[in-house]
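Participant: Requesting a structural model of the entry that follows:
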Amino acid sequence: MFIFETDSKNDKVQQMNSYTYVYNTINETKSANGVLSCLHCNNIALENCNDPKNSTIPSTVCERDGDLCYSQHTPFGVIDRGCFSVNHNLSTYVCSCNLCNYIPITEMPYIFLSKLDWIDNVVDLSYARRLRKSVLKEMSCLRCETNSSIVNGMNSMDETNCLEGNMFYCGENEVCAVKAVKKDGYMWRGCVKQPLYNYWWALCDTDLCNYDAVASVYDVL
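Facilitator: Got it, this is the predicted structure:
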């Protein structure tokens with residue numbers, strides 16, 4: 001357990017602004033001790049995980065040198081904190097229009113440029129799902145699965161990114177999805193019932209840095 005005390009409000013805002021990244025701009029640095037220690041909790045099991053200011057919060061030592069600390073926010077106020085590897089962890093991206101689940105493995109995990117971009121995406125997903133139900137319109141998604149680490153070296157870029165799959169119609173309560181594990185070259189595309197929205201990820205690369213307050217779409221709506 002770790003008694004975690006944050007700095008002043010202004011210092012906290014400044015640090016929050018400093019650790020939201022697009023993946024390809026992240027500099028995965030080590031802490032002085034090699035691997036990072038990160039706050040480790042969720043606010044379903046631990047209410048103080050909402051805002052770890054002056055609270056007793058569990059921490060964990062990450063497994064790998066390149067792991068980052070993260071806070072993962074859902075649109076409606078659930079937060080999860082811990083260690084995250086952009087190369088080793090499974091990541092998911094969802095969308096809700098025809099054949100929208102085509103983003104390549106190089107863009108996974110998909111991390112929004114700003115919290116406002118994320119909130120706009122949540123609103124767009126909600127609108128698209130309501131529109132489909134109101135007009136009883138079917139939605140089609142790419143459907144395929146590949147693991148480029150076990151495919152021979154002659155595989156095409158489309159095969160690597162799992163773009164040669166079939167078109168598949170989703171159910172009424174489903175959305176299109178992309179799942180990927182970058183290190184393994186694993187890509188999956190299809191329809192899912194969960195999650196129906198994308199997450200807001202805050203990633204940072206110093207010990208116990210993942211202490212940002214819980215975020216939700218209601219912050220600006």
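
Participant: can you pull out the strands in the protein?
Facilitator: Residue ranges of the strands in the chain, as given by DSSP state E, are 2-4, 37-39, 41-42, 55-57, 59-61, 68-73, 79-84, 91-95, 140-147, 166-169, 175-181, 186-192, 200-204.

Participant: CSV please, covering these and showing mean pLDDT and mean neighbour count.
Facilitator: To be clear about C-beta, it is placed using only N, CA and C from the backbone, and glycine gets the same treatment. Formatted as CSV, the strands of the chain follow (pLDDT from 0 to 100; neighbours: other Cβ atoms under 10 Å):
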stretch, mean pLDDT, mean neighbour count
strand 2-4, 38, 13
strand 37-39, 96, 23
strand 41-42, 96, 18
strand 55-57, 86, 17
strand 59-61, 96, 17
strand 68-73, 96, 24
strand 79-84, 96, 22
strand 91-95, 96, 21
strand 140-147, 92, 19
strand 166-169, 88, 12
strand 175-181, 96, 24
strand 186-192, 95, 21
strand 200-204, 94, 23
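
Participant: Throw those strands into CSV and include distance to Val214, thanks.
Facilitator: Compiled in CSV, the strands of the chain are given as follows (distance: least, Cβ to Cβ, whole Å):
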stretch, distance to Val214
strand 2-4, 15
strand 37-39, 13
strand 41-42, 10
strand 55-57, 13
strand 59-61, 18
strand 68-73, 7
strand 79-84, 5
strand 91-95, 20
strand 140-147, 31
strand 166-169, 35
strand 175-181, 24
strand 186-192, 24
strand 200-204, 10
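
Participant: right, and the ones you listed - which one's nearest Leu113?
Facilitator: strand 200-204 (11.3 Å; Cβ to Cβ).

Participant: the inter-axis angle of that closest one versus strand 68-73?
Facilitator: 160 degrees (axes from the mean of the first three to the mean of the last three Cα atoms, to 10 degrees).

Participant: care to break the protein down by domain?
Facilitator: The chain breaks down by automatic domain parsing into domains covering 2-85+199-212, 91-192.

Participant: closest one to Asp120 among the strands of the chain?
Facilitator: Shortest separation from Asp120 across the strands of the chain is recorded for strand 200-204, at 11.6 Å, computed as Cβ to Cβ.

Participant: now the closest one, how far from the chain's geometric center?
Facilitator: For strand 200-204, the distance from its own C-alpha centre to the chain's C-alpha centre is 8 Å (Cα atoms, centre = their mean, to the nearest Å).

Participant: Now do the contacts for the residue lying closest to Ile103 once chain neighbours are set aside.
Facilitator: Leaving aside its chain neighbours, Ile103 sits nearest to Val178 (5.8 Å; criterion: Cβ to Cβ, 6 or more residues apart in numbering). With contacts taken as Cβ atoms under 8 Å, 6 or more residues apart in numbering, Val178 has the following neighbours: 92-94, 101-103, 108, 110, 187-189.
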